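>>> no letters, just coordinates:
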C-alpha cells in the first residue's frame, strides 16, 4: 500500500521505516520538499521510500499518518490539502504538547476537546483514527519488546477506518488482544490526556521504553 | 491510629471500612454531623467507627483522608478547619469531576494545575499526598483481586508523609513494588488527568473493576 507520513521526527522515521520494512511504499512529507532529515531517511530506507512536501506525501498516500508536532498538526494538514485527505484513513499519532511554559509540557488542547477532534472537524472528509500516541516511537513499531500484556488504544468515528488501522497495528506487532477500541473520536480526549501521566512515569522510571496494560477483574 | 475520613460516598465508606477492619479508629465526617449515610456506616462498622462534622473528623484524626467529591473538596476542608489539618498527613483521593456539561465528565481543574495542588496551596501546613484516585473504591482496598502487576501512584512534597502513606497502602494490600512514587505534588496533574482515560476504559470494558500496570522495557 502507498503511505504518506507527515512529519520527519522520531515518530515519522519509526513509522515510515516500519512501513517500508513491511513492503509498503512511503513518502515522508515535510513543510518543504528536500527537508534534510527526510532526504537522509529516504536514502537510508531504500527504493520504496521517498520524500516531498506535506502535499506530495498526502497526495501519494492511500493511507496517511500524522506524525507532526501536535501544536503544528492542523497547519501541516492544511498545507497537505483537504482534497488530499478526503476519503482517506488519517492516523493521528500526535500529542499537542506545549513547552512554552517549561517542562513538563502542558497540553495545548484537552479536557473538553482533543487534537484528534480538532483535526476531524477541520477535515470532515478525512477518516481520522487516533492511535499510538500513548507510547514512544520505538514501542509503536516493536511492542513485543514489552511482552503481550500492554495495550494500545484506537479512537475514531469511522468503524471501517478503525478496522483498517487495527489490521495495520497487528502488522506492526500488536496482538489483537492488545488493541483496545475506546469509541468515537471524542474518546481521544482520554488517550491524549494520559500524556501528563506518561511524562511523570517516564520521569519516575528514567526511560521512555514502557507502556501500560489494563488488568480487568472478574 | 486515629483517622478522619472526610466524605460519606463509596470511597469514604470503602476506606473507612478497611481502616476499621485493620484496627484503626475512624470518624467519618460530613457537612453536618448526623448525616444519614455516615450514621448507618458507623453503626455497621462497629465500635471503632464514629461520625461527625468535617471538623469533628479532622480534629479526631491523626491522619486524614479526603474522600469528598473533588468539586467540593476545598470547601469541605475549609469546613474541617485549617487548624485541624496542620501538620497532619492528608491523603487526597478526590477527582475534580465536573458533570455540568454532561457525561463523560470533564475535569474542573487540570493541565497547569491539579486538585491536589489547590489543596496543598490552600492548606500549606497539611502534608498532602495524592494517591488511590486512579482506581475505583473496591480496588483501592482490595488490589489483590487484580493480581500484582497493576500500580498505584503517590504524589506529594513531603517525603515523610509519602513514606507513611506507602506503608498504609501496603496494609491495604498493595505490594511495595506496585506503589509508584511520581514525585512532588505537581505530579498529581498526571494522576488526575488519567481520569478521562479511566472513564473511557470503563466504558470499553463495561466494568470499573480494573487497573493499569506499567510494563517497563530493558
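That came through, no problem. As the structure is a computational prediction, the values presented were derived from the model and not from experiment.
>>> ranges for the helices of chain A?
Using DSSP state H, the helices of chain A run over A:10-21, A:36-45, A:54-60, A:73-80, A:82-85, A:115-122, A:137-141, A:159-172, A:188-193, A:195-205.
>>> pick the most buried one from those.
helix A:188-193 (a mean of 28; mean count of other C-beta atoms under 10 Å in any protein chain shown). C-beta coordinates here come from the backbone N, C-alpha and C atoms, glycine included.
>>> that one close to chain B?
Yes: counting by C-beta under 8 Å from any C-beta of the partner chain, contacts between helix A:188-193 and chain B involve A:189-191, A:193.
>>> in TSV, list the residues you listed along with distance to residue A:89 and pLDDT.
Below are those laid out as TSV (distance: C-beta to C-beta, whole Å; pLDDT from 0 to 100):
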residue	distance to residue A:89	pLDDT
A:189	21	98
A:190	21	98
A:191	17	98
A:193	24	98
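>>> mind checking pLDDT for the most centrally placed residue in chain A?
By C-alpha atoms, centre = their mean, chain A has its centre lying nearest to residue A:93, at 2.1 Å. Confidence at residue A:93, expressed as pLDDT, is 98.
>>> repeat for residue A:210
For residue A:210, the model assigns a pLDDT of 98.
>>> nearest spatial neighbour of it, skipping sequence neighbours?
residue B:216 (4.5 Å; C-beta to C-beta, 6 or more residues apart in numbering or on different chains).
>>> just residue A:45 next, same as before
Nearest residue to residue A:45 in three dimensions, chain neighbours excluded: residue A:20, at 4.8 Å (C-beta to C-beta, 6+ apart).
>>> which parts of stretch A:172-180 are buried?
A:172-174, A:178-180 (16 or more other C-beta atoms under 10 Å in any protein chain shown).
>>> got a list of contacts for stretch A:118-130?
If you take C-beta atoms under 8 Å, 6 or more residues apart in numbering or on different chains as the criterion, stretch A:118-130 is touched by A:64, A:66, A:73-74, A:77-78, A:82, A:85-92, A:109, A:114, A:116, A:153-158, A:160-162, A:165, A:185, A:187-188, A:191-192.
>>> closest one to residue B:203 out of the residues of helix A:188-193 next to chain B, please.
The closest of the residues of helix A:188-193 next to chain B to residue B:203 turns out to be residue A:190 (C-beta to C-beta; 9.1 Å).
>>> quick one: contacts for the closest one?
A:153, A:155, A:182, B:196-201.
>>> can you check residue A:8 too?
Per C-beta under 8 Å, 6+ apart, neighbours of residue A:8: A:28, A:30, A:35, A:37-38, A:41.
>>> of all those residues, which two lie farthest apart?
For the contacts of residue A:8, and using C-beta to C-beta, no pair is farther apart than A:30 and A:41, which are 10.1 Å apart.
>>> picking that back up, how about the residues of helix A:188-193 next to chain B in TSV, adding distance to residue B:210?
Output for the residues of helix A:188-193 next to chain B, formatted as TSV (distance: C-beta to C-beta, whole Å):
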residue	distance to residue B:210
A:189	19
A:190	14
A:191	16
A:193	18
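>>> gap between the residue nearest to residue A:66 when sequence neighbours are not counted and residue A:56?
Distances taken as C-beta to C-beta, 6+ apart put residue A:92 closest to residue A:66, at 4.7 Å, once the chain neighbours are dropped. From residue A:92 across to residue A:56, the span is 20 Å (C-beta to C-beta, to the nearest Å).
>>> can you check residue A:21 too?
Residue A:21 is 22 Å from residue A:56, by C-beta to C-beta.
>>> please apply the same query to residue A:88.
Between residue A:88 and residue A:56 the computed distance is 15 Å (C-beta to C-beta).
>>> same deal with residue A:7?
14 Å.
>>> residue A:36 too?
From residue A:36 to residue A:56 the distance is 16 Å (C-beta to C-beta).
>>> same check, this time on residue A:6
For residue A:6, the distance to residue A:56 equals 10 Å [C-beta to C-beta].
>>> mutual contacts of the two, please.
Contact criterion C-beta under 8 Å, 6+ apart; residues shared by residue A:6 and residue A:56: residue A:29.
>>> now do the contacts for residue A:86.
Per C-beta under 8 Å, 6+ apart, neighbours of residue A:86: A:123, A:125-126.
>>> let's see it at 10 Å
Counting by C-beta atoms under 10 Å, 6 or more residues apart in numbering or on different chains, residue A:86 makes contact with A:123-127.
>>> in JSON lines, list those residues along with neighbour count.
Shown next, in JSON lines, are the contacts of residue A:86 (neighbours: other C-beta atoms under 10 Å in any protein chain shown):
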{"residue": "A:123", "neighbour count": "21"}
{"residue": "A:124", "neighbour count": "11"}
{"residue": "A:125", "neighbour count": "12"}
{"residue": "A:126", "neighbour count": "25"}
{"residue": "A:127", "neighbour count": "24"}
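>>> count the neighbours of residue A:208 for me.
Applying other C-beta atoms under 10 Å in any protein chain shown, we find 16 residues neighbouring residue A:208.
>>> could you find the closest non-adjacent residue to it?
Using C-beta to C-beta, 6+ apart, the closest residue to residue A:208 is residue A:136 (4.1 Å).
>>> what residues are up against that neighbour?
A:10-11, A:14, A:198, A:202, A:207-211, B:217.
>>> so who does the closest residue to residue A:38 other than its chain neighbours touch?
Closest residue to residue A:38 apart from its sequence neighbours, by C-beta to C-beta, 6+ apart: residue A:51 at 3.7 Å. By C-beta under 10 Å, 6+ apart, residue A:51 lies in contact with A:5, A:8, A:16, A:26-30, A:33-43, A:45, A:57.
>>> then residue A:107?
Residue A:107 touches A:70-71, A:95-98, A:114-115, A:189, A:192-193, A:195-196, B:110-112, B:193, counting by C-beta under 10 Å, 6+ apart.
>>> thank you, goodbye.
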